[in-house]
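>>> what follows is a predicted structure for the sequence shown.
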Amino acid sequence: MSGGLVALLDDVAALAKLAAASIDDIGAAAGKAGVKAIGVVVDDTAVTPRYVTGFTPDRELPIIWRIARGSLKNKIVFILPAALLLSQFLPWALNPLLMVGGAYLCFEGAEKLYEAVWGHHNPEGEDVIKLASDAHEEKMVSGAIRTDFILSAEIMAISLAEVAAQPLFSRALILVLVALMITALVYGVVGLIVKADDLGVRLAATGSRTAQAVGRGLVKGMPVVMSALSVIGTAAMLWVGGHIITDGLDKFGLSWPAHTLHELALAAGGAIPFAAGVVEWLVETLGSALVGVLLGGLIVAALHLRPKKGGAH
């Protein structure tokens, strides 16, 4: 009897170790999948703060919390089941769908470049409301959640592509972890960014010279941070979108774009052996971004340069 109990306890211990190892594997896979989606994450982080522009400081964090909840609902309630069903029953559809998303990222990045160069601006961003109404808040939150749905779909699709070989249950757990981690990261950072200038004002009003200097630095620096985030977000969209396209073409048998970028990266790395890894990454990243600019530029041109209905001929 005691021998049987000992054997049972050994089995339980072995199962516990196996479960712990599985959790570690799932956590590692979730981290790897999340890193692959970092380009979209940066853009998501750069886009969201504009939705709280014009609101009083006491409404900023509640609005961000509402958007974060909507984002998590997008990922877990809507996108996750659809992604799992596709990966289980129509796995061949993941690559073309991912490429469609990649083309959208290329378009978004190229559209931002077009607006920066040609001076086109989003009229919504120019009209700042000092005391926003409840209806305006609802409109902004709904708009943010709709925008987030597209970016969240890309994040989940990129993550799923990284763990497609995992069993269904593991895939589900990994994607839930990715959804939680990415949402916490994006909206945690957004909250810090949005409230940093308020913190700066408070610090600047204290009696400590050090705190005052830090506060003034925050107030002056946050516009620079926001501008930098916008640039980084645009570059990340072009890089990630271009990489998705070249990788997708490679899977369909059109290997020369990915192969050419890889060969160029190896050649550049070989020319600078003491920094080969960094140089190879830079060349492949710049090459992917160039693909993103070319494809996105074609889509932007098709949309902006086509004749408009009722216009002059």
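Arrived safely, thanks for sending. Residues are numbered from 1 along each chain as shown.
>>> shaky segments in the stretch 101-250 of the chain?
Across the stretch 101-250 of the chain, residues meeting the criterion (pLDDT under 70) sit at 119-132.
>>> helix, strand or coil: sort out residue 54 for me.
Of the three states, residue 54 takes coil according to DSSP: H, G, I helix; E, B strand; the rest coil.
>>> quick one, phi/psi of it?
Torsion angles at residue 54 (phi, psi; degrees, to the nearest 10) stand at phi 90, psi -10.
>>> burial count for it?
Residue 54: 15 surrounding residues under other Cβ atoms under 10 Å. For every residue, glycine as well, the C-beta is placed using N, CA and C.
>>> residue 61 and residue 255: what is the separation?
Using Cβ to Cβ, to the nearest Å, one gets 49 Å for the distance from residue 61 to residue 255.
>>> apologies, that question was intended for residue 156.
Taken as Cβ to Cβ, the span from residue 156 to residue 255 is 27 Å.
>>> these two: who's more crowded?
residue 156 (27 against 13).
>>> check contacts around that one.
When contacts are counted by Cβ atoms under 8 Å, 6 or more residues apart in numbering, residue 156 touches 75, 79, 80, 83, 175, 178, 179.
>>> out of those residues, which end up buried?
Among those, those classed as buried by 16 or more other Cβ atoms under 10 Å are 75, 79, 80, 83, 175, 178, 179.
>>> buried residues in the helix or strand the third one falls within?
If I follow you right, that is residue 80. Under the criterion of DSSP states H and E, residue 80 resides in helix 80-89. By neighbour count on 16+ other Cβ under 10 Å, the buried set for helix 80-89 is 80, 83, 84, 86, 87.
>>> now swap in stretch 296-308 and tell me
296, 297, 299, 300.
>>> what helix or strand is the last one on?
According to DSSP H and E, residue 300 maps onto helix 276-304.
>>> I'd like the next helix or strand past the helix holding residue 80.
Helices and strands here follow DSSP H and E; after helix 80-89, the next one along the chain is helix 94-118.
>>> packing partners for that next one?
Packing partners of helix 94-118 (3 or more Cβ pairs under 8 Å, 6 or more residues apart in numbering; DSSP states H and E): helix 38-47, helix 80-89, helix 134-162, helix 209-251, helix 276-304.
>>> can you tell me which of those helices is most buried?
Greatest average neighbour count among the helices and strands packed on helix 94-118 goes to helix 38-47 (a mean of 24), per mean count of other Cβ atoms under 10 Å.
>>> which SSE is residue 206 in?
Counting by DSSP H and E, residue 206 is part of no helix or strand.
>>> what residues are up against the residue nearest to it when sequence neighbours are not counted?
Excluding its sequence neighbours, the residue lying closest to residue 206 (Cβ to Cβ, 6 or more residues apart in numbering) is residue 212, at 6.3 Å. Listed by Cβ under 8 Å, 6+ apart, the contact partners of residue 212 are 203, 204, 205, 206.
>>> helix or strand for the first one, which one?
Secondary structure from DSSP H and E places residue 203 in helix 168-204.
>>> report the angle between the axes of that helix and helix 209-251?
For helix 168-204 against helix 209-251, the angle by axes from the mean of the first three to the mean of the last three Cα atoms, to 10 degrees is 150 degrees.
>>> just want the angle from helix 168-204 to helix 134-162.
Helix 168-204 and helix 134-162 are oriented at 130 degrees to each other (the same axes, to 10 degrees).
>>> separation between residue 133 and residue 194?
Distance from residue 133 to residue 194, by Cβ to Cβ: 20 Å.
>>> typo on my end, it should be residue 281
Per Cβ to Cβ, residue 281 is found 32 Å from residue 194.
>>> what of residue 284?
With Cβ to Cβ as the criterion, residue 284 and residue 194 are 34 Å apart.
>>> residue 72 too?
Per Cβ to Cβ, residue 72 is found 19 Å from residue 194.
>>> ok, these two, which is more surrounded?
The neighbour count for residue 72 versus residue 194, taken as other Cβ under 10 Å, is higher for residue 194 (22 against 18).
>>> that one reaches residue 62, doesn't it?
No. Residue 194 is beyond contact range of residue 62, at 11.4 Å (criterion: Cβ atoms under 8 Å).
>>> circling back: so which of the contacts of residue 212 is the closest to residue 49?
residue 203 (20.2 Å; Cβ to Cβ).
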